[in-house]
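[1] When you get a sec, could you give me coordinates for this:
(chains A and B)
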Amino acid sequence: MPQIRRLPETLINRIAAGEVVERPASALKELVENAIDAGSTRIGVNLVDGGLGGIEVSDDGCGMDPAEMALALERHATSKLPESLIGEAGAIEQVRTLGFRGEALPSIASVSRLTIESRPRDAESGWRKRIDHGELIENAPCAIPPGTRIRMEGLFDKLPARRKFLRTPRSEYAACLDVVRRLAMTRTDIAVTLDHGERRVLAVQAGEDLAERAAQIVTRELKENGVGIEFERPTETGELIRLTGIAGLPTYNRGVADHQYLFVNGRPVKDRLLIGAVRGAYSDMLARDRHAVLALFLELPAEDVDVNVHPAKTEVRFRDAAGVRGFIVSGLRRALASGDKRSAQGPDRSAMDRWQREPVEQPAAMRSIFAGSGWTPPAGNMARVQAYMRSDEADGEVLAMPQGRAETPMDEERPSPSYPLGIARGQVAQTYIVAEAEDGLVLVDQHAAHERLVLERLKAAGAEEAVSRSQALLMPEVVELDEPACDRLEEAIDTLAQHGLVIERFGPGAMLVRATPHALRNGDLAKLLEDIDDDLAKHGTALLLGEKLDLVLATMACHGSVRAGRNLTVAEMNALLREMERTPRSGQCNHGRPTWVKLSMDDVEKLFGRH
Amino acid sequence: MKATIERATLLRCLSHVQSVVERRNTIPILSNVLIDAAETGSLKVMATDLDLQVVENMSAASVDTPGAITVSAHLLFDIARKLPDGSQVSLDAADGRMTVKAGRSRFSLPTLPRDDFPMIVEGDLPTKFELPAKTLAELIDRTRFAISTEETRYYLNGIFLHVSDEDRPLLKAAATDGHRLARFTLDRPDGADGMPDVIVPRKAVAELRKLLEESLDGHVQIDLSASKIRFTLGGEGGVVLTSKLIDGTFPDYSRVIPTGNDKLLRLDPRSFYEAVDRVATIATEKTRAVKMGLDKDKVTLSVTSPDNGTAAEELAAEYGADNLEIGFNANYLKDILSQIDSDNVELHLADAGAPTLIRKDDKASALYVLMPMRV
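    Numbering: from 1, shown residues only, chains lettered A, B, ... in the order given. Prediction:
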């Protein structure tokens, strides 16, 4: 008969390590969080081979004396829960530091060779401990400036099963970089450096403002193509819930969601509720397969959020999930509605490079049908212009024929600061409006812009309600789904009913559809429910139905708007520009493409080498 | 095969069969019609799409060589259409080509051998009965507008025929698209007892209706089994339409026909139709909801459109029950009202969320059920 035995301490630690440490990046995250919690002002991270060779984190924080170091290496030992709180039932809920479980250090120590050197600020000298897979092999004084330095080497050397599952140095490095980026963004008062081998990858100074740090860490363009968020609202208990950060304009989007940095009370998280809220806020401004770029910081009373969901703490739970979601969505939408009218939005670099300076070859189709048939162009201006256009013909190269049409302005209007989109000067290719603003040249895609205006107008008139009017079914349709799917749908019944989809539970593994939104009445109901359920499972919220209805609206808007290829008079163009200035969120079309771009005067001068 | 035929006969016959042939086919022979010349001097023309086949006999001016060949249906039809009226058309098939001659025109068309031409195997068709062509045409007209076009619910893509015994033996036809239902009832014809429940597909219904238009005075012989149905029409030479039936179960629609609707609204269907049509002018494609406000002897129709404003119209009606507001899809309402050939229509209502029953009067053979919309 097998006997039940208590496991040795080192083995217990290794098992626990499995939860916390699965790859170098997770160990790095714990170490950097410790450094932040120690109150450091400067943190240096050094990686070798993407963290597989070794990780070193040094800080100038409070440091530890030898006795504390010994204790820190025991499980469930931490300085992060204040004495006053221990013993209280709600202690965990009061946590304001990044860590609190007291597991990280012993876990890491049990699966690698760890060197800890530390010196409290008031101590004469530092102390060094070296632990090899849970066993203390060196315990001696050392020389070190105040602070702590931790070096981890040979991760999983004695656990080949784990070692096998590590990826290449390159991808482990990418994960480590992501960890450092996210943590560096949370605290603008800490200077962070990251070196990979000999190379300095990241260096941010202390005391920058948030936008600047986010721009440095994410990408430089975010600062130019983003809007700041500053939004707060009192909760039921009277405390404040606050949303700050920087949100990329919908026109500045990416193909993957990697560039969404979300923080709850200074803790980087990857939470599906937050991701869903972000998608909800950007819905109808971005195509489904595009993702916004942003850094969002949510601050709310510690007792309203549970961070103790998972040892790695990337998931959180909110006491009032729906309220938090609504708060984020409205905060984001408000910021985006005000932000896309700024005149500083420049064309992105690649667009600038596409400006052609060389004369282009005349396409064959553009040669006059009258050429060579004895036809003489009418005398006057036209002839002179054509002669000029053809003056280089001997070389086989001419200037492109102008495709645009300039109209004499109705009255001499001057660009003024009150018209950020400028005064229309003409139309190119019957598709783009060229306008002159005070600080540059504005190009507007007339179809995309008008489509967006019509959509916003439809929405303002309550068209959303109109398309989601529900058409009841003569015979309710039974859709069979698996049980968890039905449970999810059942929870969302109220939300779906607002969009006109009336469903109810029909036994353990089926849903009964009683009415569908009018605009979607001829679809496959089973497919619709499946898609909605997938969405619920992925984002925890039923955004899909709303998005489908938005698509119907967008189609309506598309049919009701000015097409490309139509001549517009200057008065029409100006009216369009003025309406765009008045309408919120008119900076992008329904798919997140820009409706207008501005070439600043500086950029124009650059094109001519006048800079 | 070599035969001569009058252009008008050929054209009429081809116009019957060619619409069965789909414009685009992956199987080349399905684009063709089969022409079979018999020694007796009659010509058989046949077209199919594998689910539906139409065979028509016509008399030829002369048959020199009996035989059969297949040739592109649309091509031959277009040629026959453009030939001068009154000309004699000679069809001569040899060496994989068919020569079509009329007057001074000559066409040489590619052919495919007749042996490859697919035939629907009818099998045994045990149920046999006869209906006046007029009745059959009415049955189709009253129900076909409600046939669903949604492929996912294929069992709604046709007219459901079944027999039932109530106070007298009946034959019932029903069609629904999930939002509305149309049912047509007639006395059961002799021979229809014990008929299996069948669903006649939409395309067969449409083709049949076209053929009926030309022989409204005669009778139609109907033979069917659980999987096939055959309609034999009189007329010159006779037309036979054979179709596969939809293999599915039509939902038990009798449960959705309301019986306890106590609010009765009576009005003139024509002015009702026109009023709905007028107010729906401002409704956009995606929002065709019309709201009906019912007061004592008065109906107020109204439409609100997000981009086009509002419209309202009052109608005199006979109504005595409690006030009620209910919404309907304007198109559905118009579809049904246009089927009522009388000065009076009855709407039996219960509440804004329950199915509404619409019919001419309690003796009418046609009955409609419409689900409201939330407005």
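[2] Look up the pLDDT of the closest residue to A:S283 other than its chain neighbours for me, please.
    Among residues not flanking A:S283 along the chain, A:E547 sits closest, at 5.6 Å (C-beta to C-beta, 6 or more residues apart in numbering or on different chains). C-beta here means a position set from N, CA and C on the backbone, and glycine is covered the same way. Per-residue pLDDT puts A:E547 at 77.
[3] Now the strand or helix carrying A:E547: buried residues?
    When secondary structure is defined by DSSP states H and E, A:E547 falls within helix A:543-559. Going by neighbour count (16 or more other C-beta atoms under 10 Å in any protein chain shown), the buried part of helix A:543-559 is A:543-554, A:556-558.
[4] What's the first helix or strand after that helix?
    Counting by DSSP H and E, the next helix or strand C-terminal to helix A:543-559 is helix A:570-582.
[5] Now do the same for that following helix: mean pLDDT, whole number.
    85.
[6] Return the distance of it from the chain's centre.
    Centroid separation for helix A:570-582 versus its chain: 32 Å, with C-alpha atoms, centre = their mean, to the nearest Å.
[7] Residues contacting the helix holding A:E547, please?
    A:276, A:279-280, A:283-284, A:288, A:451-452, A:454-455, A:458-459, A:463-464, A:467-468, A:496, A:499, A:501, A:517, A:519-520, A:528, A:531-532, A:534-535, A:590, B:284-286 (C-beta atoms under 8 Å, 6 or more residues apart in numbering or on different chains).
[8] A:R563 versus the residue of the stretch 301-450 of chain A found nearest chain B, what's the distance?
    Per C-beta to the nearest C-beta, A:H450 is where the stretch 301-450 of chain A lies closest to chain B, at 13.6 Å. Applying C-beta to C-beta, to the nearest Å, the value for A:H450 to A:R563 is 9 Å.
[9] More neighbours: which of those two?
    Set side by side, A:H450 and A:R563 show more neighbours around A:H450, with 26 against 13, by other C-beta atoms under 10 Å in any protein chain shown.
[10] Quick check: closest non-adjacent residue to whatever residue of the stretch 101-250 of chain B ends up closest to chain A.
    Nearest residue of the stretch 101-250 of chain B to chain A: B:T152, at 4.3 Å (C-beta to the nearest C-beta). With sequence-adjacent residues excluded and distances taken as C-beta to C-beta, 6+ apart, B:T152 is closest to A:D524, at 4.3 Å.
[11] give me phi/psi at that neighbour?
    Backbone torsions of A:D524, given as degrees, to the nearest 10, read phi -90, psi 110.
[12] Give me the pLDDT value at it.
    80.
[13] what's around it, how many residues?
    By the measure other C-beta under 10 Å, the count of residues near A:D524 is 15.
[14] residue in chain B nearest to chain A?
    For chain B, C-beta to the nearest C-beta, closest residue to chain A: B:P306, 3.7 Å.
[15] And that residue, how far from B:N331?
    Distance of B:P306 to B:N331, given as C-beta to C-beta: 18 Å.
[16] which other residues reach stretch A:504-511?
    With contact meaning C-beta under 8 Å, 6+ apart, stretch A:504-511 is reached by A:478-483, A:486, A:489-490, A:493, A:503, A:512, A:514, A:529.
[17] Recalculate using a threshold of 6 Å.
    For stretch A:504-511, the external contacting residues (C-beta atoms under 6 Å, 6 or more residues apart in numbering or on different chains) are A:V478, A:V479, A:E480, A:E483, A:C486, A:L489, A:E490, A:I503, A:L512.
[18] From A:N522, how far off is the closest residue in space to the third one that isn't next to it in sequence?
    What that stands for is A:E480. Once flanking residues are discounted, A:E480 sits nearest to A:A510: 4.8 Å by C-beta to C-beta, 6+ apart. Distance from A:A510 to A:N522, counting by C-beta to C-beta: 22 Å.
[19] ok so A:A206 is a strand residue?
    No: counting by DSSP: H, G, I helix; E, B strand; the rest coil, A:A206 is not found in a strand; it is coil.
[20] Could I get the contacting residues of it?
    Counted by C-beta under 6 Å, 6+ apart, A:A206 has contacts A:T41, A:D189, A:I190, A:A191.
[21] If we use 8 Å, what do you get?
    With contact set as C-beta under 8 Å, 6+ apart, A:A206 has these partners: A:T41, A:R42, A:T188, A:D189, A:I190, A:A191.
[22] would TSV of these with pLDDT and secondary structure be doable?
    Output for those, formatted as TSV (pLDDT from 0 to 100; DSSP: H, G, I helix; E, B strand; the rest coil):
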residue	pLDDT	secondary structure
A:T41	91	coil
A:R42	92	strand
A:T188	85	coil
A:D189	88	coil
A:I190	90	coil
A:A191	91	strand
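[23] check which helix or strand covers the closest residue to A:C142 other than its chain neighbours.
    Distances taken as C-beta to C-beta, 6+ apart place A:R128 nearest to A:C142, at 3.9 Å, with adjacent residues excluded. Applying DSSP H and E as the criterion places A:R128 in strand A:126-132.
[24] What does the residue nearest to A:E480 show for phi and psi?
    Phi and psi for A:A510, reported as degrees, to the nearest 10, are phi -150, psi 150.
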